[in-house]
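>>> Predicted structure and sequence below. I'll ask about it afterward.
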Amino acid sequence: MISEKDKTQFQELGYFVTDVVIERDQLQSMTNEMDRLYREGVEEAKTTGDPKVILAAEGRRSYGQVHNRSQVAAEFVKSEIYLEACDAFIGPNADLYWNQAAIKPPKLGKTFSWHQDSGYTETIPLAYITCWTAISNSNLDNGCIWVLPGSHEWGVLEHENEEPNQQVYGGLRAKSLDDSGAIPVEMKAGQVAIFSSLTLHMSGPNTSQNSTRRGYVPQYHVPDVILKKTGQPIGDQFPVLRNGRRIN
Ligand SMILES: O=C(O)CCC(=O)C(=O)O
C-alpha cells in the first residue's frame with residue numbers, strides 16, 4: 001500500500017496521501033461509531049438544559065481515546081495501512097499513541113489553526129506519525145486539512161494559546177508562521193494522509209450545507225514513550241506492532 005515514492009515524499013515533504021485503502025464496509029462501521037459518539041455527546045449535553053452547553057456539543061470537534069469506547073475502533077487502529085506506516089516510519093515495534101474522532105458538522109465546524117502535533121506535546125523520542133483518515137469525503141467545502149510541505153524540518157516551533165471564538169476552535173497555534181506554501185489535502189473517503197508530528201497542518205471551517213466531515217486520526221509512536229515535560233509515560237500505550245507483526 002505504501003510505495004517507495006510515498007516513503008521518499010514523507011522524508012522530503014513530511015507527508016503523503018494514500019489511495020483509497022479502507023474498505024467501504026469498514027468506513028460504514030467507523031461512520032456509525034463516530035455518529036454514535038457525537039449523538040451521545042449531544043444527548044448528554046441536553047441533560048444540562050443549558051443552550052450554550054448543547055451548542056458546544058453540537059459543534060464539538062474531537063472525541064479522544066476512541067479505542068476505549070468502541071471495539072470497532074480498537075480493531076480499526078490495527079488496519080493494514082496503519083501497521084505498514086508504523087513499520088516504515090516508526091519501526092517494527094509501535095504503539096497507538098493517541099486517537100481521536102475529528103468531526104466537523106456542517107455550518108458549525110470551525111477552523112483548527114496551524115500547529116504541529118509535537119507543538120502540543122513534546123515526547124521522547126520526539127517524532128511520531130499521524131494517520132489522518134478520511135472516513136467521509138473531506139474537501140475545501142467541509143473543512144479538509146491543509147499541510148505545509150517541508151515544515152517537518154523546521155524543528156518544534158513556538159506555539160501560543162488561541163482563545164476559541166465563532167471562527168476557531170482555539171487551543172495552540174504556531175507563532176509567526178509564513179503559510180504561503182500551504183496546500184489543501186482533499187481526500188475521498190478511505191484515503192489516509194500520513195504525516196510527521198512535526199509537519200505543520202490546520203483545517204478550515206465546514207461551510208457546506210449538509211456535509212459532515214469525518215476524520216479518524218490515529219497516531220503511532222514507539223513503545224514506552226515519555227512526555228518530555230514530566231518524564232512520565234504518556235499516550236494510549238496500546239500495542240499494535242511487535243517485531244513487525246500485528247498484535248492480536
Ligand atoms: O481534523 C482536523 O480538523 C484537524 C485535526 C488536527 O489537526 C489535530 O487534532 O491535530
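Okay, I see it. Numbers count the residues shown, from 1 in each chain.
>>> Show me the residue at the heart of the protein, geometrically.
Val217 (3.1 Å; CA atoms, centre = their mean).
>>> Report the beta-bridge partner residues of it.
Applying DSSP bridges to Val217 gives these bridge partners: Gln100.
>>> dump the residue contacts of it.
99-102, 130-133 (CB atoms under 8 Å, 6 or more residues apart in numbering). Just so you know, the C-beta spots here come from the backbone N, C-alpha and C atoms, and that holds for glycine as well.
>>> I'd like to know the predicted local confidence at Ser62, please.
Looking at Ser62, its pLDDT stands at 86.
>>> Contact residues of this protein facing the ligand?
102, 112, 117, 145, 201, 203, 215, 217 (CB under 6 Å from any ligand atom).
>>> can I get the contacts of Val217 in CSV with pLDDT?
Listed next are the contacts of Val217 as CSV, based on pLDDT from 0 to 100:
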residue, pLDDT
Asn99, 97
Gln100, 96
Ala101, 95
Ala102, 95
Thr130, 98
Cys131, 98
Trp132, 98
Thr133, 98
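>>> element containing the residue of the chain most remote from its centre?
Distance from the C-alpha centroid of the chain, by CA atoms, centre = their mean, peaks at Gly49 (31.1 Å). Using DSSP states H and E, Gly49 falls within no helix or strand.
>>> Longest helix in this protein, please.
helix 24-46 (DSSP state H).
>>> Could you tell me which ranges of the protein sit under the pLDDT cut-off?
By pLDDT under 70, the chain has no low-scoring segment.
>>> can you do 90?
Applying pLDDT under 90 to the chain flags residues 1, 52, 55-62, 108, 166, 176-177.
>>> next one: stretch 148-165 to chain centre, how far?
Distance, stretch centre to chain centre, for stretch 148-165: 15 Å (CA atoms, centre = their mean, to the nearest Å).
>>> go on, stretch 229-236?
With CA atoms, centre = their mean, you get 19 Å for stretch 229-236.
>>> follow-up on the earlier one: I'd like the distance from the residue nearest to the centre of the chain to Ile135, if you could.
Here the criterion is CB to CB, to the nearest Å. By it, Val217 lies 10 Å from Ile135.
>>> Just the residues of the chain next to the ligand: which are in helices?
Going by DSSP H, the helices hold Asp117 from the residues of the chain next to the ligand.
>>> Among the residues of the chain next to the ligand, which one lies nearest to Gly181?
Relative to Gly181, the closest of the residues of the chain next to the ligand is His201; by CB to CB it sits at 12.6 Å.
>>> How about the closest one, nearest residue that isn't a chain neighbour?
Take His201 and drop its neighbours on the chain: the residue closest to it by CB to CB, 6 or more residues apart in numbering is Val147, 4.8 Å away.
>>> Equivalent analysis for Ile247, please.
Nearest non-adjacent residue to Ile247, counting by CB to CB, 6+ apart: Pro239, 4.7 Å away.
>>> Quick check: bridge partners of that neighbour?
Asp95.
>>> Wait, it touches Arg246, no?
No - using CB atoms under 8 Å, Pro239 is not in contact with Arg246, being 9.8 Å away.
>>> those helices in this protein, which residues are they?
Using DSSP H, helices in the chain cover 4-13, 24-46, 51-58, 71-76, 80-89, 117-120.
>>> Go through those helices and name the closest to Lys107.
Among these, the nearest to Lys107 by CB to CB is helix 51-58 (9.8 Å).
>>> packing partners for the closest one?
On a contact count with 3 or more CB pairs under 8 Å, 6 or more residues apart in numbering; DSSP states H and E, helix 51-58 meets helix 24-46.
>>> how about the helix it packs on: buried residues?
27, 29-31, 33-34, 37-38, 41-42, 45 (16 or more other CB atoms under 10 Å).
>>> same question, stretch 223-242
Residues 223, 225, 234-236, 238, 240-241 are the ones in stretch 223-242 that count as buried (16+ other CB under 10 Å).
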